[in-house]
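Enquirer: structure, please.
(one chain, ligands or ions: 1)
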Amino acid sequence: MTRPIRDSKVPDQLTASAWFQTAIRLVDDLELHDTVTATHTWRVILYTRALAEDAGLDRDIVELLSIGAALHDVGKLDIDGGILRKPGRLTDQEFDTVRAHTTLGEARVLDAGITDPLIRQMVRSHHERLDASGYPDNLAGENIPRPALYFGVIDSYDAMTSRRPYSTDLREDAEDRAIEELLSLRGEKYCPDAVERFARMHERGDLDWIARHFNEDSPRYQMELPGSDSSRG
Ligand SMILES: [Fe+2]
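Expert: Residues are numbered from 1 along each chain as shown. Below is the predicted model of the structure:
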């Protein structure tokens with residue numbers, strides 16, 4: 001399996017920086033802790049890059065967003081793997097534990113000396129939603145940092161289109177259904193600009209290769225996932 005961050009043409013000044021190397025180590029740790037989170041992480045890095053490049057963002061910003069995507073779930077290192085891999089519904093208490101990965105992740109990032117606000121925002125606020133139904137701060141609308149709001153669309157799309165311990169029954173048309181759901185909730189929960197751009201990219205087939213190459217069926221990630229229902233986000 002290729003390693004998107006290492007294999008991509010990251011500017012030398014970024015790869016040489018201490019915090020970038022720390023970020024790579026954190027993702028390696030995450031991969032050892034929870035394979036499902038690891039494959040999800042690689043996919044969302046690539047979706048993030050694709051979306052940011054499609055939006056014509058500057059190269060340096062694309063790299064920062066990619067690192068933010070790589071680190072967004074790093075707080076799961078502090079969550080018991082048994083809860084992360086648990087099939088079926090979580091108890092309310094377990095949900096609270098999982099939700100804490102946002103604030104725990106921010107603490108880890110800061111501990112590692114990563115202070116870039118864009119990365120911090122993505123780690124802490126990627127589960128916030130426009131209608132204030134998200135976490136950890138129940139932020140609403142424009143109070144949600146924009147990088148986190150954009151990334152929330154990508155993170156949700158991947159959750160809807162990939163197998164998880166609690167959701168292994170993926171339908172053939174999972175991608176189309178995910179786009180439909182995101183479109184139906186744009187402006188209510190999800191950033192309309194991000195959803196519409198992502199939907200256009202899906203329509204053009206620009207995203208297909210990512211899910212095909214980075215999933216639990218890759219030889220590196222051969223594993224059995226117990227089946228169940230529900231959605232955990
Ligand atoms: Fe998350």
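Enquirer: longest helix in this protein, please.
Expert: Counting residues, the longest helix in the chain under DSSP state H turns out to be helix 35-54.
Enquirer: quick one: buried residues of it?
Expert: Neighbour-count burial for helix 35-54, counted by 16 or more other CB atoms under 10 Å, picks out 35-52. (Each C-beta comes from the backbone N, C-alpha and C, glycine too.)
Enquirer: cool, stretch 103-120 as well?
Expert: Buried-residue list, stretch 103-120, by 16+ other CB under 10 Å: 103-109, 112, 114, 118-120.
Enquirer: what's in contact with that stretch?
Expert: 18-19, 22-23, 26, 61, 64-65, 67-68, 71-79, 123-124, 136, 145, 147 (CB atoms under 8 Å, 6 or more residues apart in numbering).
Enquirer: pull out the buried residues from those residues.
Expert: With burial judged by 16+ other CB under 10 Å, the buried subset of the contacts of stretch 103-120 is 22-23, 26, 64-65, 67-68, 71-77, 79, 123-124, 136, 145, 147.
Enquirer: could you report the distance from Leu183 to Asp176?
Expert: 11 Å (CB to CB, to the nearest Å).
Enquirer: and for Asp131?
Expert: For Asp131 relative to Asp176 (CB to CB), the value is 24 Å.
Enquirer: per-residue pLDDT, Asn138?
Expert: Looking at Asn138, its pLDDT is 97.
Enquirer: kindly report the same for Glu53.
Expert: pLDDT at Glu53 comes out at 91.
Enquirer: for it, which non-adjacent residue is closest in space?
Expert: Excluding its sequence neighbours, the residue lying closest to Glu53 (CB to CB, 6 or more residues apart in numbering) is Val62, at 6.1 Å.
Enquirer: one more: His202?
Expert: Nearest residue to His202, sequence neighbours excluded (CB to CB, 6+ apart): Ile179, at 5.2 Å.
Enquirer: quick one: the helices in the chain?
Expert: Using DSSP H, helices in the chain cover 4-7, 12-15, 18-33, 35-54, 59-71, 81-84, 92-99, 101-111, 117-125, 146-161, 174-184, 192-204, 208-213.
Enquirer: take those and lay them out in TSV including distance to Ala140.
Expert: Formatted as TSV, these follow (distance: least, CB to CB, whole Å):
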stretch	distance to Ala140
helix 4-7	33
helix 12-15	33
helix 18-33	30
helix 35-54	23
helix 59-71	21
helix 81-84	28
helix 92-99	17
helix 101-111	16
helix 117-125	12
helix 146-161	11
helix 174-184	19
helix 192-204	15
helix 208-213	31
